[in-house]
Every structure is written in C-alpha cells, then in structure tokens.
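[1] sequence and predicted model, in that order:
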Amino acid sequence: MVNVGAKDSSQNNLSRAVWYLQHVAYNSTLRLFHEAPRVASNTYWIASDNLLAFKALEPYDPQLSSTIKSELIRLAKFYNLLRSSDGLPLSMRYDVIINDNATLEIPPRNVTHMTLYQDSYTLKYDIANGTGNFTDWRKYADLRLLTALSDHHAGDEDNAISNFTAVENMWDGIGLRDLGFNNSYGEGQGPGNPNAYSTYKLGLLLYVSGKLGIHLPFESEVMNRIWLMQNQTSGGIFTHIMPDGSSGTSDTNTETTTMVILGITSITQNSTQPTPEFDPSTLMLCVVVLLSSLILQRIRRN
C-alpha cells in the first residue's frame, strides 16, 4: 500500500528544498545560485551547481530556471567555454543529466578546476576534460551512477543495470559507502574526519533509479535519510552524513539540494502504479463468479 502520509511529507520537504534555492541560494543581481550560505556564500559555480539547478527547477519555477539557463549561456560564450549545441556550458560529466542523449567518456577524465573571475565575488567552473583518468572510477558511487545513465542513453541496458546494481550494493543503511567515504571529510566545510558519506549521491541514486525504471527495495530508507539531512529552517540539504547519521559540521549547498530535487522528481515522474496487495477473498469471489457463469451457460444450452 502507498503510505499517503509519507508521500505528503516528502512533497512538503521537496517544496522546502525548492524554496531554499529560490530564497536562500539565489542572487538576483548575478542571476546565479551561490555555493553554500555559510562556507561559500560568495562563490558561484557555473558547473556543476548552476547547470544542475536550472534543470532541477524546470518543473517548479520555469521562469527562474529560464533566467539561470540564459545566464549560463551568456557566461559560456563570454568566457569561451566548451558548449553544447544549445549553448550551455559543458560539464563533461553531468551532461548526462542535462541531455538525454549525452554519454560519458569511460574511464572518466579528471576534473579541471577553473576560476573565471575573482573580485567582489568568485566565479568558478569545473569540467572533466583533464589529461588523466579515474582508473578506479568503479569504486565511486557517483561516477558509476553517471556511467549507468550514460549506458542507458547509449541503449546498453545490460551495463546500465550492472553499474546501477553495483551502487545499490554500496548502501549500508546510512549512505553509499564508496571510496569517497574514506576520503578526508570537509571540502573546506569543517574539521577533517576520516569517514563521511556524500548526501548528493543519494539524490543521484534516486535520479538514476527513476530514469532506468529500477525500483530500489530500500527507496523509502534513502528518502528518509535524505530528509533527515534537511535543514529545518532553510530547507537546504546538508552536504555530508557522518557515520552516526548526523550532518556533522557540514553546510547546506546548492549542488546537494539540487541533486535531491532531481532525484525525488525522477522517481515521482517515472514511478508506476503500485501493485495491488494480494487478497485471497477477492480471488475466491472471482472464481465463484466465473464458475457460476459457466454453469449458467451450460444450463441454457441444455
């Protein structure tokens, strides 16, 4: 059965996450979303933050989504960035989310970090066009999920399912325990800690689940974990999950909140009607009606 209360609660949390982008992260002067309210309130990422954000907002705030998209196209042209056919800056990684026909180079290339402007604010851009490759990409949940999505776009459903299943198996009840779990925690957001989960990977897991049409048996657990990471005041999603299930000293940010919106939207749009629960009495009634009909037909023929 569908838990109506849980569904309504999730929709309310989703609305609050959208509100966070609209009213906490958005800078109407720059027409961009900042990285994070506490640790990087004056830093703006063309990719991946704003590239993902315009896509996530399309169903909920088309006007703001269009504004961000137009600004991204302008910036991509102004800074002569690599662009897609519609003028958007390329990520060389998250393009598989932006464009249903995009594919990912395997093995994925290293990311090049670029600072495009730094004065009263900082404008940054990430693009996965480095000279090196992630030879251990299969050990990272996000890269494997993006590869699964790329496989799906290429029509290679067997590899798509294989890569997705490998990430499913990384779920340990708290987060996705991939190689990143053992990396130094923080990314400038707090004191070092040897172990932490990335919340945005849970949003990405839901997103790819919806796109591939694969129902996660622990979908409700993932959603519950995500909403436990939601700031109850702002609606933003904390970036990290500590082994004890807390958010530690992490901040909310645009990328994580955006990925959660994309994920929840994906499983909602691509979900099928739940299979009705088996009811033996209903089955018996159908059998009785069918037998009665057959007996009645035989009597009439005689």
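    Now that the structure is in, tell me what you want to look at. Residues are numbered from 1 along each chain as shown.
[2] so where's the protein uncertain?
    Low-confidence segments of the chain (pLDDT under 70): 1-7, 184-193, 271-302.
[3] need the helices for it, in chain order.
    4-20, 51-57, 62-78, 95-98, 141-153, 157-168, 200-212, 219-228, 254-269, 280-301 (DSSP state H).
[4] any chance of those in TSV, plus distance to residue 27?
    Every residue, glycine included, has its C-beta placed from N, CA and C. Formatted as TSV, the helices of the chain follow (distance: least, Cβ to Cβ, whole Å):
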stretch	distance to residue 27
helix 4-20	14
helix 51-57	12
helix 62-78	11
helix 95-98	22
helix 141-153	27
helix 157-168	34
helix 200-212	21
helix 219-228	26
helix 254-269	11
helix 280-301	57
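[5] export the ones you listed to JSON lines and tack on mean neighbour count?
    Shown next, in JSON lines, are these (neighbours: other Cβ atoms under 10 Å):
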{"stretch": "helix 4-20", "mean neighbour count": "16"}
{"stretch": "helix 51-57", "mean neighbour count": "25"}
{"stretch": "helix 62-78", "mean neighbour count": "16"}
{"stretch": "helix 95-98", "mean neighbour count": "22"}
{"stretch": "helix 141-153", "mean neighbour count": "24"}
{"stretch": "helix 157-168", "mean neighbour count": "17"}
{"stretch": "helix 200-212", "mean neighbour count": "25"}
{"stretch": "helix 219-228", "mean neighbour count": "18"}
{"stretch": "helix 254-269", "mean neighbour count": "24"}
{"stretch": "helix 280-301", "mean neighbour count": "9"}
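[6] tell me which of those helices sits nearest to residue 118.
    Distance to residue 118, taken as Cβ to Cβ, is lowest for helix 62-78 among the helices of the chain, at 14.6 Å.
[7] which neighbouring elements make contact with the closest one?
    Contacts defined by 3 or more Cβ pairs under 8 Å, 6 or more residues apart in numbering; DSSP states H and E place helix 62-78 against strand 32-36, helix 51-57.
[8] distance from the longest one to the middle of the chain?
    On the basis of Cα atoms, centre = their mean, to the nearest Å, helix 51-57 sits 11 Å off its chain's mean C-alpha point.
[9] just to revisit the earlier point, what's the closest of the helices of the chain to residue 236?
    So among these, helix 4-20 is nearest, using Cβ to Cβ, at 4.2 Å.
[10] who are the packing partners of the closest one?
    Contact analysis of helix 4-20 by 3+ Cβ pairs under 8 Å, 6+ apart lists helix 219-228, helix 254-269 as its packing neighbours.
[11] show residues contacting that helix.
    For helix 4-20, the surrounding residues in contact (Cβ atoms under 8 Å, 6 or more residues apart in numbering) are 57, 60-61, 220, 223, 227, 230-231, 234-237, 252, 257, 260-261, 264-265.
[12] quick one: residue 218 and residue 170 touch, right?
    No - using Cβ atoms under 8 Å, residue 218 makes no contact with residue 170, being 11.6 Å away.
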